[in-house]
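K.L.:
coords below, sequence missing:
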């Protein structure tokens, strides 16, 4: 059998958000489908403990923690290159957006999005310089590029002149059992001090483009009868958001949970009046699918990939306060229709289908 490698050294367990979930769900799909490859996933210490569900995948653990980016980059060029060569790896898939200068060829490269290209002001200067330098080099080194949506595929074609035949869209996958062990509503209301009011949930790290501030303004205005629950870790807009909440006059109705367990996340979404997703830019937007899978109406912006992902299974609106002012009433009035449309839409994004997309990319790269 042909041996493949998947470079996940960029995926610090629990620290990189949706991109980690994206690959874990692909690996779950590879456990489900028949294929003619042996796969090694190269991971950081702690990854296996964080994902015991990957019981049929060979996880090759790196010798260092890799908490610092320079360490991870050095391991890609040394340990990963040597270890994959000893394993006689025929193809290496790099999931973190860059292809090292040394190591197994041919290579598949995943580009999650080009948010930094369209919104450079949201990226730290040093990281922006690195991305501008490394991305075109990585694209040239890769035989095949994968993207999560047609939106990202088109942005890569436009930004770098890539032949679209070299790009394969690999959809997100969603577990069929998502929500089966969700925490119950009573427990969550007590645990997070939510009281009795209806809640709106936004699961996202506090990066500037996620636009948490937009939802705070809504709660301070037309959404005055709900509690806004913000889950997810701290990003570069954390301090700015805290200041915005403090100035809003609605701080009592904004609950910050930080990172939560998968069961708590699922329970919060299931009990919510709606999941709100006002992001300025998404390469995919997995919380949109999670809302659909858990039977909760979605209100999303019309930016980035979100219209493509939602495709009528939620309310897609311009990122303007007036446009969102009556959104909660609208989804309440059409709740059953949105929930049914969401279930139908999310069925197109199974872990099996995600894995089948990925296998098509591997076969193209080896052809």
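P.N.:
Structure received. Please read these numbers as outputs of a predicted model, since none were measured by experiment. Numbers count the residues shown, from 1 in each chain.
K.L.:
Now do stretch 286-293: distance to the chain's middle.
P.N.:
Taking Cα atoms, centre = their mean, to the nearest Å, the mean C-alpha location of stretch 286-293 is offset from the chain mean by 11 Å.
K.L.:
Any idea how far stretch 139-151 is from the middle of the chain?
P.N.:
With Cα atoms, centre = their mean, you get 17 Å for stretch 139-151.
K.L.:
Averaged pLDDT, it. What do you get?
P.N.:
Here stretch 139-151 scores 97 as its mean pLDDT.
K.L.:
Show me the helices in the stretch 251-367 of the chain, by range?
P.N.:
Shown for the stretch 251-367 of the chain, the helices assigned by DSSP state H, counting those that start in this stretch span residues 262-271, 286-293, 306-310, 321-324, 327-333, 335-346, 351-366.
K.L.:
which residues touch the residue lying farthest from the centre of the chain?
P.N.:
Distance from the C-alpha centroid of the chain, by Cα atoms, centre = their mean, peaks at residue 86 (32.1 Å). By Cβ atoms under 8 Å, 6 or more residues apart in numbering, no residues touch residue 86. Using the backbone N, CA and C atoms, a C-beta is placed for each residue, glycine as well.
K.L.:
what about it, distance to residue 95?
P.N.:
Distance, residue 86 to residue 95, using Cβ to Cβ, to the nearest Å: 21 Å.
K.L.:
Likewise for residue 87?
P.N.:
In this view, residue 87 and residue 95 are 18 Å apart by Cβ to Cβ.
K.L.:
So for these two, which residue has more residues nearby?
P.N.:
Between residue 87 and residue 95, residue 95 has the larger neighbour count (other Cβ atoms under 10 Å), namely 24 against 17.
K.L.:
nearest residue to the more buried one other than its sequence neighbours?
P.N.:
In space, and not counting its chain neighbours, residue 95 is closest to residue 110: 4.8 Å by Cβ to Cβ, 6 or more residues apart in numbering.
K.L.:
what's the answer for residue 46, then?
P.N.:
Closest residue to residue 46 apart from its sequence neighbours, by Cβ to Cβ, 6+ apart: residue 13 at 4.6 Å.
K.L.:
how about that neighbour, phi and psi?
P.N.:
Taking degrees, to the nearest 10, you get phi -50, psi 120 for the backbone angles of residue 13.
K.L.:
returning to what we had before: partners of the residue nearest to residue 95 in the sheet?
P.N.:
For residue 110, the beta-bridge partners are residue 146 (DSSP bridges).
K.L.:
Now do the contacts for it.
P.N.:
93-97, 145-147, 170.
K.L.:
now the nearest residue to residue 30 once chain neighbours are set aside: how far from residue 293?
P.N.:
Leaving aside its chain neighbours, residue 30 sits nearest to residue 355 (4.7 Å; criterion: Cβ to Cβ, 6+ apart). The gap separating residue 355 from residue 293 is 17 Å, by Cβ to Cβ.
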